[in-house]
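Undergrad: Predicted coordinates and the sequence they were generated for:
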Amino acid sequence: MTQHESSGHPAPTGRVAAVVPAAGSGVRLGAGVPKAFVEVSGRTMLERAVAGLLASGAVDDVVAVVPGDRVAEAEELLAPLRSGDHLVVVTTGGAQRTDSVRNGLAVLTASLARSGTSVHDVVLVHDAARCLTPAAPILRVVEAVRSGEGAVVPVLPVIDTVKQVDAGGYVVGTPDRAALRAVQTPQGFAPDVLLAAYDAAGDVATDDAGLVERLGRRVATVAGDVLSFKITTASDHARALEEVRALEESVHRKNSKEDP
């Protein structure tokens, strides 16, 4: 992987589409509903994730991929985010994440064709569970793809020491953490690269860039963001509530100073 330097200002060319996998059950969160439909301070993760992509100013069209019995609910939740400039489509997910993303890509292509919208030059894949992702890493990913990278992932340095263990649970190695990175989303791709990766995918993958790696293609990195953490457990959800509360308080203080 290579580190791509970004100015944070994507060139205004073509359209950017995002597929948002949101069909997971969320068993580890233990909320009793699919994870993307769990609320974080009054808004579901799905709403926050899609709204964040559109609010970044870098994303034009979004396909949300949800459980089959949640399509109508997702349509209602996302309806306020639709506009003449933004295509927001909901479709049904598959048994595995790869199936869901593949469904999203197919629906995106068909929807753009029906609407007569110009073809996108960047495709993002963004987990709904990373619903607090701010604009900056989204912009960095988009710019890196537009500068010529076929695949780009936002990353953070690994702080903890990492151990490699065998099937019996015994340590067999200690990788140098200086060369390790924690990968986030949105991951960005040139459309032909992502489609080729999914055409060649024969099994389950939790990471879209990993499918590109299997093609022997290079994957670049840009700086991620601490707010792009994935909500998986109850403690992650509690952290998200605290982060939203802190952000809202910060905005309130700023507005109070500007409008005494």
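TA: Sure, I can see it. The structure displayed is predicted, hence computed values, not measured ones.
Undergrad: Skipping adjacent residues, who's closest to the residue nearest the centre of the chain in space?
TA: Nearest to the mean C-alpha position of the chain, by Cα atoms, centre = their mean, lies His126 at 1.5 Å. Distance criterion Cβ to Cβ, 6 or more residues apart in numbering; nearest residue to His126, sequence neighbours excluded, is Pro186 at 3.7 Å. No exception for glycine: its C-beta is placed from N, CA and C like everyone else's.
Undergrad: on that earlier part again, the residue nearest to the centre of the chain contacts Pro137, correct?
TA: No - the criterion here is Cβ atoms under 8 Å, and His126 misses it with Pro137 at 10.2 Å.
Undergrad: Need the residues touching each of those two.
TA: Listed as contacting both His126 and Pro137 by Cβ atoms under 8 Å, 6 or more residues apart in numbering are Pro186.
Undergrad: on that earlier part again, phi, psi of the residue nearest to the centre of the chain?
TA: phi -130, psi 120 (degrees, to the nearest 10).
Undergrad: separation between it and Leu247?
TA: Applying Cβ to Cβ, to the nearest Å, the value for His126 to Leu247 is 19 Å.
Undergrad: Just give me the neighbour total for the residue nearest to His126.
TA: Number of residues near Pro186 (other Cβ atoms under 10 Å) recorded here: 32.
Undergrad: Then Ser83?
TA: Ser83 has 9 nearby residues by other Cβ under 10 Å.
Undergrad: Okay, it and Pro137: tell me how far apart.
TA: 24 Å.
Undergrad: And Ala72, by the same measure?
TA: The gap separating Ala72 from Pro137 is 32 Å, by Cβ to Cβ.
Undergrad: Looking at these two, which one has more neighbours?
TA: Between Ala72 and Pro137, counted using other Cβ under 10 Å, the more crowded position is Pro137 (26 against 10).
Undergrad: Packing partners of the helix or strand containing the more buried one?
TA: Under the criterion of DSSP states H and E, Pro137 resides in helix 135-146. In terms of contacts (3 or more Cβ pairs under 8 Å, 6 or more residues apart in numbering; DSSP states H and E), helix 135-146 is packed against helix 45-55, strand 120-125, strand 151-157, strand 187-189, strand 220-223.
Undergrad: Could you list the buried residues of stretch 33-53?
TA: Judged by neighbour count using 16 or more other Cβ atoms under 10 Å, the buried positions of stretch 33-53 are 34-38, 40, 44-53.
Undergrad: out of those, who's nearest Thr133?
TA: When the buried residues of stretch 33-53 are ranked by distance to Thr133 (Cβ to Cβ), Gly52 comes first, at 5.6 Å.
Undergrad: Just say helix, strand or coil for the closest residue to the closest one other than its chain neighbours.
TA: Using Cβ to Cβ, 6+ apart and skipping the chain neighbours, the partner closest in space to Gly52 is Thr133 (5.6 Å). Classification of Thr133 by DSSP: H, G, I helix; E, B strand; the rest coil places it in coil.
Undergrad: And Thr133, what's its pLDDT?
TA: Note on Thr133: pLDDT of 98.
Undergrad: Likewise for Asp225?
TA: Here, the pLDDT recorded for Asp225 equals 98.
Undergrad: what separates it from Pro154, distance-wise?
TA: 7 Å.
Undergrad: So between those two, which is more surrounded?
TA: Using other Cβ under 10 Å as the criterion, Asp225 and Pro154 rank with Pro154 on top: 26 against 18.
Undergrad: so how far is Gly202 from the more buried one?
TA: 27 Å.
Undergrad: And the average pLDDT for the helix or strand where Ala64 lies is what?
TA: Here Ala64, judged by DSSP H and E, is contained in strand 61-66. For strand 61-66, mean pLDDT rounds to 96.
Undergrad: just how off-centre is that strand within its chain?
TA: Its chain's C-alpha centre and that of strand 61-66 lie 11 Å apart, by Cα atoms, centre = their mean, to the nearest Å.
Undergrad: what's the average pLDDT for the helix or strand just after that strand?
TA: Next helix or strand after strand 61-66 toward the C-terminus (DSSP H and E): helix 71-78. Averaging pLDDT along helix 71-78 yields 97.
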